[in-house]
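Colleague: Let's see this in three dimensions:
(one chain, ligands or ions: 2)
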Amino acid sequence: MESTLSKSPLHTLRCMRRTPFNRLFAGVYTTAIFALLYHHVLILLQSTTLVSFFISTSMLISDILLGFMWSTTQSFRMRPILRQQFPENLEKVIDRKDFPAMDIFICTADPYKEPPMTVVNTALSVMAYDYPPEKLSVYVSDDGGSEFTLFAFMEAAKFGKHWLPYCRNNNIVVRCPDAYFRSNYPRSSETQKIKMMYESMKIRVETVVERGKVSDEYVSSEEEREAFNKWTQGFTRQDHPSVIQVLLEMGKDRDNTDKSMPNLIYVSRQKSKASPHHFKAGALNALLRVSAIMTNSPIVLTLDCDMYSNDTQTLHRVLCYLTGSPCRPNLGYIQFPQRFHGLNEADIYACEFKRLFQVNPVGMDGLSGPSYVGTGCFFRRRVFFGAPSAFLPPEFPELSPDNVVEKPIKAQPILALANRVAGCNYENQTNWGSKMGFKYGSLVEDYNTGYRLHCEGWNSVFCHPDRPAFLGDIPISLNDVLSQTKRWSVGLLEVAFSKYCPLTFGARAMGNIRALCFAHYAFWPIWSIPISTYAFLPQLALLNNVSIFPEVSNPWFVLYVFLFFGAYAQDYLDFILADSTIQRWWSDQRMWLIRGLSSYLFGLTEFVTKNLGVATLGFNVTSKVVDDEQSKRYDQGTFEFGVPSPMFVPIAMAATINLIAFLRGLLEIYIGGNLDGSFVQMFVAGFGIANCFPIYEAMVWRTDKGRMPIKITIISIFLAWALYTTTSLILKI
Ligand SMILES: O=c1ccn([C@@H]2O[C@H](COP(=O)(O)OP(=O)(O)O[C@H]3O[C@H](CO)[C@@H](O)[C@H](O)[C@H]3O)[C@@H](O)[C@H]2O)c(=O)[nH]1
Ligand SMILES: [Mn+2]
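Modeller: Ligands and ions are numbered 1, 2, ... in the order given. Below you'll find the predicted structure:
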């Protein structure tokens with residue numbers, strides 16, 4: 001085996017050539033940051049009035065925070081590596097019949113925000129993997145507790161019996177039906193037939209959701225009727241018994257060419273208002289247990305309901321890391337990047353999150369592996385039961401990762417046990433959520449779980465093939481985009497300010513450099529402090545003729561130029577070298593500023609109020625529904641405001657103040673002021689304006705439904721005026 005592997009490896013890795021430059025630049029830039037802080041302290045010591053003391057302190061704090069965040073990003077640049085897999089060599093090492101079994105988890109939570117057809121498409125795309133079907137089990141977790149989702153899956157089970165052989169026999173690459181029929185597929189009679197089947201299933205499912213009722217004409221068997229009978233009068237999304245329905249059973253259910261179908265199981269765990277359900281982490285833990293009882297595969301894939309498989313070979317790639325003799329014993333999971341379909345050309349909302357999902361993981365991969373991003377991740381089941389060297393046995397042997405299930409999944413004792421472990425009180429007085437399974441305590445259960453696994457001593461691998469393995473939906477309205485990052489912000493702060501803070505607990509468990517990577521995310525939202533300061537303070541000072549930066553003729557000016565352009569240039573290069581465009585980079589930095597003034601700021605505020613006991617926070621699911629008009633505007637690259645969201649207020653305020661300050665500055669220079677002293681402030685305001693074009697458009701001359709609501713415009717302008725008046729009064733004292 002050793003010799004086969006060395007001739008035809010399953011995977012390789014190499015360090016990126018830019019590493020020495022990264023390290024050198026890090027050294028130079030760090031020196032520059034310290035020089036800047038020294039300069040700030042000098043100014044602070046010279047300040048004579050309370051106002052100048054306040055301004056200097058604010059700038060010092062902002063720059064310390066920016067410097068800190070910058071330093072955390074350096075850990076991603078210390079040892080980036082690139083990996084390659086060779087799935088074509090796999091069968092030289094392991095026989096297809098010895099492939100390990102896989103359990104695939106798909107989470108959904110709301111039939112209105114996540115249309116059942118989306119979930120069904122994701123499920124079909126993974127059921128159709130090029131993999132022995134008797135080794136595949138697909139579990140759907142429905143936190144929405146919706147009979148419509150169950151109905152959609154009953155339909156999918158029937159349609160799958162045609163779809164799977166169709167894909168197999170025609171060697172289809174994109175096995176998600178919706179994506180396939182959107183693509184340029186061959187129009188044969190067989191294809192037309194399967195397309196009609198798909199369309200009629202879609203109509204049935206959508207009609208049921210629209211009518212809000214599964215009418216009798218759609219129920220085709222006694223077994224189905226019995227399943228729907230569970231939706232009794234008192235059944236609500238927050239309060240209902242568990243529903244576990246085996247829709248396809250491997251070996252028994254066969255497709256129309258008489259080959260076995262994979263297992264397909266619908267699970268809606270029990271819910272009660274009296275016990276916490278821990279959102280997605282809770283759903284995943286329930287699935288971990290239910291799947292342990294039914295199939296207990298050694299490998300588990302988690303997927304969001306909108307992340308369909310875009311490559312039939314993905315499981316083979318995963319096996320490249322999980323088979324063969326040099327398999328790392330501590331390897332806990334293999335993370336694929338989150339990639340998306342339907343992004344517009346400039347990716348105006350920077351929803352691709354290139355740095356988060358594609359660039360940074362390459363950096364972490366060279367250390368001990370990327371963090372977990374919630375979807376597209378293959379886990380070894382063992383990781384959920386304690387550290388690599390300290391196995392933590394579950395409550396009873398059937399849940400243990402090495403237990404072999406012998407009974408068929410529909411056997412009565414199996415179903416009874418599965419319902420028991422899906423109970424809402426099952427986890428009381430157990431280790432689930434703390435030491436076992438997906439971790440609770442943060443709205444970003446993915447980051448939290450990955451981080452804690454790394455603390456326990458597990459490693460991970462980043463697998464980034466050219467052809468995206470999975471593709472997901474993106475939110476297309478600014479409010480949805482900002483709400484998503486706001487939720488992340490709250491979740492990240494929950495980790496940052498817990499006893500598991502990466503700077504303390506993390507650094508002890510995994511060393512400083514690795515811990516800094518995790519700290520980078522945990523402290524994301526504090527970017528709001530320097531961003532808000534830079535969006536308002538220099539401009540307000542400019543409006544009041546107060547100069548706060550060194551003059552152009554002052555040698556310290558050069559330092560500012562270096563720090564600004566150095567950081568921006570490196571950021572730009574990173575982005576472009578990761579196969580992106582100038583336009584997308586510009587959107588990305590703009591959204592960083594916009595998020596700083598909205599999501600991060602509101603996330604930080606919500607986190608603080610929550611800790612003061614004022615508010616409680618929930619998981620606000622991102623909508624995957626597409627409004628045609630909105631989607632047209634999105635494709636044209638127009639920002640979608642539309643709703644009167646309070647998060648738009650600071651953005652519109654900043655846009656107003658930057659514009660007025662810049663105009664006022666120009667006027668000053670025109671009537672004889674000196675540009676020398678106000679240049680940096682003029683530059684900052686001008687840079688703000690350059691970023692704000694879509695906001696001016698939305699506030700002033702757009703007339704469509706996606707414009708900035710008049711109410712928000714008026715409130716923002718009023719608040720901007722109030723802010724200006726207050727600061728001028730203070731400055732006059
Ligand atoms: O109570 C809940 C809430 C959500 N979900 C599911 O969680 C997934 C992610 O939710 P979504 O609204 O799409 O959130 P995003 O912000 O788009 O998702 C990112 O961020 C989440 C953490 O906030 C991670 O869980 C996701 O994997 C990651 O893609 C979806 O499939 C939901 O159905 C549940 O199962 N139960
Ligand atoms: Mn999502």
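
Colleague: Next one: Cys424 from ligand 1, what distance?
Modeller: The gap separating Cys424 from ligand 1 is 13 Å, by CB to the nearest ligand atom, to the nearest Å. Glycine gets a C-beta too; all of them are placed from N, C-alpha and C.

Colleague: For that residue, report the pLDDT, please.
Modeller: At Cys424, the predicted lDDT confidence score is 96.

Colleague: same question, Ile669
Modeller: Looking at Ile669, its pLDDT reads 88.

Colleague: same thing with the one 5 residues further on?
Modeller: Confidence at Asn674, expressed as pLDDT, is 77.

Colleague: any chance you could map the strands in the stretch 401-550 of the chain?
Modeller: 459-462, 470-471 (DSSP state E, counting those that start in this stretch).

Colleague: quick one: which of those strands is nearest Leu415?
Modeller: strand 470-471 (30.8 Å; CB to CB).

Colleague: Partner strands of that closest one, with direction?
Modeller: strand 308-309 (antiparallel) (DSSP bridges).

Colleague: Any part of the partner strand near ligand 1?
Modeller: No: applying CB under 6 Å from any ligand atom, one finds strand 308-309 separated from ligand 1 by no less than 12.1 Å.

Colleague: Would you mind pulling up the elements that the very next helix or strand once past that strand packs against?
Modeller: Going down the chain from strand 308-309, the next helix or strand is helix 314-322, by DSSP states H and E. Under the contact criterion of 3 or more CB pairs under 8 Å, 6 or more residues apart in numbering; DSSP states H and E, helix 314-322 touches strand 81-85, helix 90-93, strand 331-335, strand 377-380.

Colleague: let's see it at 7 Å
Modeller: On a contact count with 3 or more CB pairs under 7 Å, 6 or more residues apart in numbering; DSSP states H and E, helix 314-322 meets helix 90-93, strand 331-335.

Colleague: Dump these to TSV, plus mean neighbour count, mean pLDDT and distance to Leu604.
Modeller: What follows is the helices and strands packed on helix 314-322, written out as TSV (neighbours: other CB atoms under 10 Å; pLDDT from 0 to 100; distance: least, CB to CB, whole Å):
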stretch	mean neighbour count	mean pLDDT	distance to Leu604
helix 90-93	17	91	47
strand 331-335	24	97	27
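
Colleague: Near Lys230, how many other residues are there?
Modeller: 16 (other CB atoms under 10 Å).

Colleague: in the sheet, who's paired with the closest residue to it other than its chain neighbours?
Modeller: Nearest in space to Lys230, with sequence neighbours left out and distances taken as CB to CB, 6 or more residues apart in numbering, is Val243 at 5.3 Å. Going by DSSP bridges, Val243 is paired in beta bridges with Ser268.

Colleague: CA atoms of the helix or strand containing Val126 as CSV?
Modeller: Taking DSSP H and E as the definition, Val126 sits inside helix 116-127. Provided in CSV are the C-alpha atoms of helix 116-127 (Å, rounded to 0.1, in the frame of the first residue of the first chain):
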residue,chain,number,x,y,z
PRO,A,116,-39.6,23.3,0.7
MET,A,117,-38.6,23.0,-3.0
THR,A,118,-35.2,24.5,-2.2
VAL,A,119,-34.6,21.8,0.5
VAL,A,120,-35.8,19.1,-1.8
ASN,A,121,-33.4,20.1,-4.5
THR,A,122,-30.5,20.0,-2.0
ALA,A,123,-31.5,16.6,-0.8
LEU,A,124,-31.9,15.2,-4.4
SER,A,125,-28.5,16.6,-5.3
VAL,A,126,-26.8,14.6,-2.6
MET,A,127,-28.9,11.5,-2.9
